[in-house]
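Novice: no FASTA, just this:
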């Protein structure tokens with residue numbers, strides 16, 4: 001079975017918990033991505049997404065240029081280990097409907113990120129199809 005470290009993207013750009021929300025937004029724009037790992041040194045402490053910025057930052061009228069990422073980041077982010085199988089990681093991604101997972105070593109130091117694109121491009125293209133279908137299902141409103 002293929003392990004995550006065989007197909008993940010290495011050398012991932014991160015932001016620190018104390019970086020400003022504007023710095024994170026600029027990094028997202030520059031990289032043309034929707035999520036960045038938040039690391040304290042090399043240890044993963046969460047992720048910040050474009051949605052975090054919009055919903056927890058802009059909608060709450062937080063001062064984006066002065067407020068730290070830790071104020072809006074998702075601290076309880078999902079992640080996987082580098083030695084997990086790709087199937088295990090895809091199962092987790094499917095279950096929680098996300099397209100990217102930070103990848104950590106056994107000391108929870110960030111070593112990469114796994115995306116469905118990584119699996120499709122570097123692994124077996126068919127392996128990403130089923131999780132992508134489940135991840136792409138429209139979410140049901142929470143208030144019904």
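Specialist: Sure, I can see it. None of these values were measured; they are calculated from a predicted model. Numbering: from 1, shown residues only.
Novice: pLDDT below threshold where in the protein?
Specialist: Applying pLDDT under 70 to the chain picks out residues 123-144.
Novice: can you map out the strands along it?
Specialist: Under the criterion DSSP state E, strands of the chain are mapped to 35-40, 43-49, 80-81, 100-104, 110-115.
Novice: show me what contacts residue 101?
Specialist: 78, 79, 80, 89, 92, 93, 113, 114, 115 (CB atoms under 8 Å, 6 or more residues apart in numbering). The way it works is simple: take the backbone N, C-alpha and C, and place the C-beta from them, glycine included.
Novice: Could you identify the buried members of those?
Specialist: With burial judged by 16 or more other CB atoms under 10 Å, the buried subset of these is 79, 80, 89, 92, 93, 113, 114, 115.
Novice: got those as a markdown table, with distance to residue 1 columns?
Specialist: A markdown table is the format used below for these (distance: CB to CB, whole Å):
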| residue | distance to residue 1 |
| --- | --- |
| 79 | 19 |
| 80 | 14 |
| 89 | 11 |
| 92 | 15 |
| 93 | 16 |
| 113 | 20 |
| 114 | 14 |
| 115 | 19 |
